[in-house]
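**Q** okay, here's the prediction I keep looking at, along with the sequence it came from:
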Amino acid sequence: MIQLSEFEKKLLETFSLSDRDARRLLRVIQDLSIVVGMDHEEIYDFMRYGVENELEILKTDYNWEHFRIRIQKKLKKSPPL
């Protein structure tokens, strides 16, 4: 069995994931943190309420890279014109 960090356990419980998927989601959050400049908790808070559709798509296609890209697009705002 995989030893999960406290944050991974929180992801596992919040999003009803397997141990392996909780680890994958943590890696996605870490990547997003670097790209968008938010910390892990901020991204977690956003994901709790803003990515239901993306999670449903992930459940059907299991493509983590596309999932990360869709979340990244939601988190990055285009500059005003």
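**A** Now that the structure is in, tell me what you want to look at. Numbering: from 1, shown residues only.

**Q** next one: the closest residue to Val28 other than its chain neighbours from Gln3, what distance?
**A** Excluding the flanking residues, the one nearest Val28 by CB to CB, 6 or more residues apart in numbering is Arg68, at 4.7 Å. All C-beta atoms are positioned from the backbone trio N, CA, C, and that covers glycine. With distances taken as CB to CB, to the nearest Å, Arg68 is found 24 Å from Gln3.

**Q** quick one, phi/psi of Arg23?
**A** Main-chain torsions, Arg23, degrees, to the nearest 10: phi -60, psi -40.

**Q** contacting residues for it?
**A** Shown in contact with Arg23 (CB atoms under 8 Å, 6 or more residues apart in numbering): Ile2, Leu4, Glu8.

**Q** return the subset of those lying in helices.
**A** Glu8 (DSSP state H).

**Q** closest to Glu52 out of the contacts of Arg23?
**A** Top of the list for closeness to Glu52, among these and by CB to CB, is Glu8 at 20.7 Å.

**Q** for Met38, what are its contacts?
**A** With CB under 8 Å, 6+ apart, Met38 has these contacts: Leu32, Phe46, Leu75.

**Q** the residue nearest to the first one when sequence neighbours are not counted: helix or strand, and which one exactly?
**A** Here the nearest residue to Leu32 in space, its sequence neighbours aside, is Ile43; by CB to CB, 6+ apart that works out to 5.4 Å. Mapping Ile43 onto the secondary structure by DSSP states H and E places it in helix 40-50.
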